[in-house]
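Engineer: coords please:
(chains A and B)
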Amino acid sequence: DAKTTQPPSMDCAEGRAANLPCNHSTISGNEYVYWYRQIHSQGPQYIIHGLKNNETNEMASLIITEDRKSSTLILPHATLRDTAVYYCIGRGGGTSYGKLTFGQGTILTVHP
Amino acid sequence: ETGVTQTPRHLVMGMTNKKSLKCEQHLGHNAMYWYKQSAKKPLELMFVYNFKEQTENNSVPSRFSPECPNSSHLFLHLHTLQPEDSALYLCASSHIDRGANEKLFFGSGTQLSVL
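Structural biologist: Residues are numbered from 1 along each chain as shown, chains lettered A, B, ... in the order given. You can find the predicted model right below:
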């Protein structure tokens, strides 16, 4: 798995965009970047994943740099319910499955 | 609601007890997982079942015994646990295909306390 580095914590004002960075400089060509989040005392929730291209879904956008060494998760209009720990994970495709290696993640606090 | 249901939500047990955690997924997935989350530590993978066959045992002590009778149900049997086994135990499921296989759906977990 690719080693990922995230800031330990970030703050964001409600209604603003939250931009969460992740560094994955050792990611290999077939490894996807996954983002999950975990709200206190709940199981992690899948947000989005990507390989090379930028991705968008109903929850967030994922911007991956051209050299794939870093990415940014964007929550376009953060709400108080987005307060959670956000995990960036690099994981290979192909025959691998489910073996996610969670780090410490970024604690995002959205304040009024 | 993620489609993965875990029971019980909370469990307190003594070190000599035997208990079981249950997980059920209603998503038609073909792989199921047990993860452990101790206080202040990252999630750790314990077991992986693919098409009901155990394909991963991440050096878990034998006092934890998984069972997967079908692709929708997963159990974790517990016996003679230690206080340091107190943690949040999370079940997850996913659909295995040739693409990105790490889109997991997690249950809400069982908060276990061993006295």
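
Engineer: quick one, phi psi at residue A:49?
Structural biologist: When read as degrees, to the nearest 10, the backbone of residue A:49 gives phi -150, psi 160.

Engineer: scratch that, residue A:73 is what I was asking about
Structural biologist: Main-chain torsions, residue A:73, degrees, to the nearest 10: phi -90, psi 130.

Engineer: neighbours around it, how many?
Structural biologist: 25 (other Cβ atoms under 10 Å in any protein chain shown). Using the backbone N, CA and C atoms, a C-beta is placed for each residue, glycine as well.

Engineer: How about it: what's its closest non-neighbour residue?
Structural biologist: Distances taken as Cβ to Cβ, 6 or more residues apart in numbering or on different chains put residue A:20 closest to residue A:73, at 4.4 Å, once the chain neighbours are dropped.

Engineer: ok, the one you found - contacts?
Structural biologist: Taking Cβ atoms under 8 Å, 6 or more residues apart in numbering or on different chains, we find residue A:20 in contact with A:6, A:10, A:35, A:72, A:73, A:74, A:75, A:86, A:88, A:106, A:108.

Engineer: Let's see which of the residues you listed end up in strands.
Structural biologist: Taking DSSP state E as the definition of strands, these contribute A:10, A:35, A:72, A:73, A:74, A:75, A:86, A:88, A:106, A:108.

Engineer: Distance to residue B:13 and pLDDT for the residues you listed - can I get that in CSV?
Structural biologist: Shown next, in CSV, are the ones in strands among the contacts of residue A:20 (distance: Cβ to Cβ, whole Å; pLDDT from 0 to 100):
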residue, distance to residue B:13, pLDDT
A:10, 38, 97
A:35, 35, 96
A:72, 43, 97
A:73, 38, 98
A:74, 43, 98
A:75, 39, 97
A:86, 33, 98
A:88, 35, 95
A:106, 34, 97
A:108, 34, 98
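
Engineer: Let me know the closest of those to chain B.
Structural biologist: Using Cβ to the nearest Cβ, residue A:35 comes nearest to chain B of those, at 10.8 Å.

Engineer: Who is residue B:31 paired with across the strands?
Structural biologist: Counting by DSSP bridges, residue B:31 is bridged to residue B:50, residue B:94.

Engineer: Could you tell me the per-residue confidence at it?
Structural biologist: At residue B:31, the model reports a pLDDT of 90.
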